[in-house]
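Novice: Build me a structure from this.
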Amino acid sequence: MNRILAGLKELAAHRFNLQKGKADEAVIIAAIKENVDFTGANLFALIFAIFIASIGLNVNSTAVIIGAMLISPIMGPVMGIGLGIGIHDLDLVKKGAKNLLVATVIGILTSAVYFLISPLHNAQSELLARTSPSTWDVFIAFFGGSAGMVAASRKEKNNVIPGVAIATALMPPLCTAGFGLATGNWLYFLGAIYLYFINSVFISIATYVMARYLKMHHQHLGDEQIRKKADRYIIVIVVITIIPSILMAYRIVQKSIFETAARKFVNEQFNYSDTQVVSESYQYMGKGKSIEVLLIGRELSKNAIDSLNKSLPKYKLEGVQLIVRQGLNAKHQIDLSQIKASILEDVFNKMPKIDSIKTNASAINMSDTTIFAELKILYPSIRKFGISSIATRDIKTALTDTQKIAMISLNEQMRKPDLVKLSKWLKIRYQCPSLKVVTEPPFRLQKEDH
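Specialist: From the prediction side, this is the model:
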C-alpha cells in the first residue's frame, strides 16, 4: 500500500511540476514589472482598448469586445500586486495599486465621455451581462489569474495570456461602469464596478498563490509583524469580496428555479380552448414573487382562478401571487404586437409543416393581393412589400440557381420575434422554404419586455 501511495505521489509530482521549463525568477519579475507602469505605449493601448470596448458594448458586438480585451494592458498592475504580495515586495504592491487606480479612473472617465457623446443609449445584452456579478465570476478570475501566472513563468511563451485576458474580462465591466456614470444609472455603475473589483482581487490572489506554489524567493521585510499584517489584509479583502458574490449567485439560482417552475405552471395550467395567453411575466423579488398573465378570449371565472391558485403548490410555487389580467382589467396592458405574434403562432401550428410543402410555383393557390391585405392587417409597420426571383451562380461550381427574395420597407423598427414569425409565415404562404426576407432599413433589436 505504501509503495502504491509513493508511486502515486511520484507521478503527481512529475505531472504537476512547474519547475520544469520555468524562466529565471529575475526574468519573470522584470517582465511583470515592465507591464505595471501605465506610461507611453501602455497608456495609449489602454485608452484605445477603452474606446474599442465601449463601442463593442454600445453596438452589442462580442467580437469587438474580445478585441478590446486582447489589446488592454490592464492585467499588468493586477498581476504586479499579486506578485508583490507573493514575494513580499511592498514597493511592487504600491506601484501596482497606484497604476491600477490610475487605469481605473482613466477607464471610467474615458468610457463615460464616449457614452455621453454616443447617439446610442440602449443597454444591450453584452452590457447588461456585466452588471450582475456572481460566484462564478470569482472562479473565472481565480483560475484565469492562475493560468496567467503559470504562462508568465515559462521560458517559452504561449497563447495562454490572450485567453486569460478574454476569460477574466477586466475591460468590459470598467466601460460598463462608464456607461452607468454617463447615463446616471447607479445600479449599472455599482454592479459593473463590483465585477471589476472581483476580477482584479482574485487575479491578484491567484498570482499570489501561484508565486508561492512556484516557490519564488521572498524579500526580507525585516519585521515579521508586517508579513502577518499583510496576510490578514488579504484574508479580509477576500471575505469582503466573495460574500456579496455568493449571495448574488444564490439569488440567480433561486430566480432560475422559480422561473422554470412558473413557466411550466403557465404552460400546463392555462390550457383552455377558448382562452389564449398573450404574454406572461415572472417577478422574483425575494419573498415577493409573482406570476402575471395577460389573457384574451373568454374570461376565466373566479372558481377557475381559485383552482389555478390551488395548483401553485404542485409546482413548488407556494406563496407566489398569481395575477390574471383579462377583459377590462387587461385593456391597459394589451400589446398589439404580442397579440399578433400569438395569432401567427396558432396559424403556424395549424398549417402544414414546411417539409411537406412542395416548392413548385404551380402549387401556389393564393394571389399576392390576398397576402398584401393580410400583411397590412398583421403588420401595420410595413410600408412597402415586394417579392421577386433572382438568378444566382456559384462562383466555384458554376452552378446556377433561383432565389426568391421578399423586400420589405418598414415605417418603424420591428422586433426580432415578429420578424422571425413574418419570415416563417411568408415561406408557408409562398410555399418556398428557401425564401429570403430583406428589410429596408435594417431592423434594430428592441429590448424585450419582461
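Novice: Quick one: the helices in the stretch 201-350 of the chain, in order.
Specialist: 224-269, 302-311, 336-350 (DSSP state H, counting those that start in this stretch).
Novice: got the angle between the first one and helix 302-311?
Specialist: What it means is helix 224-269. Put simply, helix 224-269 runs at 140 degrees to helix 302-311, going by axes from the mean of the first three to the mean of the last three C-alpha atoms, to 10 degrees.
Novice: Now do helix 224-269, average pLDDT.
Specialist: In this model, helix 224-269 carries a mean pLDDT of 78.
Novice: Repeat that for the second one.
Specialist: Along helix 302-311, the predicted local confidence has a mean pLDDT of 90.
Novice: got it, and the last one?
Specialist: On average, the pLDDT along helix 336-350 is 54.
Novice: Following element in sequence after it, please.
Specialist: Where DSSP states H and E defines the elements, the next helix or strand beyond helix 336-350 is helix 368-378.
Novice: Show me what that next one is packed up against.
Specialist: Contact here means 3 or more C-beta pairs under 8 Å, 6 or more residues apart in numbering; DSSP states H and E; on that basis helix 368-378 packs against helix 336-350, strand 382-393, helix 416-429. The way it works is simple: take the backbone N, C-alpha and C, and place the C-beta from them, glycine included.
Novice: same thing but at 7 Å, please
Specialist: Applying 3 or more C-beta pairs under 7 Å, 6 or more residues apart in numbering; DSSP states H and E, we find helix 368-378 packed against strand 382-393.
Novice: Go ahead and name everything in contact with the strand it packs on.
Specialist: Residues from elsewhere that reach strand 382-393 (C-beta atoms under 7 Å, 6 or more residues apart in numbering): 372, 375, 400-411.
Novice: which neighbours does that strand have in its sheet, and in what orientation?
Specialist: Note on strand 382-393: by DSSP bridges, its sheet partners are strand 400-410 (antiparallel).
Novice: Can you tell me how far the most centrally placed residue in the chain is from residue 259?
Specialist: The structure's the chain has its C-alpha centroid closest to residue 129; by C-alpha atoms, centre = their mean the separation is 3.9 Å. According to C-beta to C-beta, to the nearest Å, residue 129 and residue 259 sit 17 Å apart.
Novice: Setting aside sequence neighbours, what's the nearest residue to residue 412?
Specialist: The shortest distance from residue 412 to any non-neighbouring residue, by C-beta to C-beta, 6 or more residues apart in numbering, is to residue 381 (4.9 Å).
Novice: how about the helices in the stretch 1-150 of the chain?
Specialist: Along the stretch 1-150 of the chain, counting by DSSP H, counting those that start in this stretch, helices occupy 2-15, 25-34, 41-59, 62-71, 75-86, 90-117, 125-128, 135-152.
Novice: The fifth one versus helix 62-71: what angle between them?
Specialist: It refers to helix 75-86. Using the same axes, to 10 degrees: helix 75-86 against helix 62-71 is 50 degrees.
Novice: Ok, the last one next?
Specialist: Angle, helix 135-152 to helix 62-71, by the same axes, to 10 degrees: 50 degrees.
Novice: neighbouring contacts of helix 135-152?
Specialist: Outside helix 135-152, the residues that touch it by C-beta under 7 Å, 6+ apart are 18, 28, 31-32, 75, 79, 82, 158, 160-161, 164, 167-168, 195, 198-199, 202-203, 205-207, 209-211, 242, 245-246, 249.
Novice: run the last query once more with 8 Å
Specialist: For helix 135-152, contacts defined as C-beta atoms under 8 Å, 6 or more residues apart in numbering pick out 18, 28, 31-32, 75, 78-79, 82-83, 157-158, 160-161, 163-164, 167-168, 195, 198-207, 209-211, 214, 241-242, 245-246, 248-249.
Novice: Give the ChimeraX command for selecting the buried subset of those residues.
Specialist: Buried residues among the contacts of helix 135-152 (16 or more other C-beta atoms under 10 Å), as a ChimeraX selection:
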select :28,32,75,78,79,82,83,160,161,164,167,168,195,198,199,200,201,202,203,204,205,206,207,209,210,211,214,241,242,245,248,249
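Novice: Show the contacting residues for the spatially closest residue to residue 211 that is not a sequence neighbour.
Specialist: The spatial neighbour of residue 211 that comes closest, neighbours along the chain excluded (C-beta to C-beta, 6+ apart), is residue 86 at 2.9 Å. By C-beta under 8 Å, 6+ apart, residue 86 lies in contact with 207-212, 216.
Novice: what residue ranges in the stretch 101-250 of the chain are flagged as low confidence?
Specialist: Scanning the stretch 101-250 of the chain for pLDDT under 70 picks out 157-161, 165, 168, 220-224, 226-227, 238, 241, 245.
Novice: Perfect, I'm done here.
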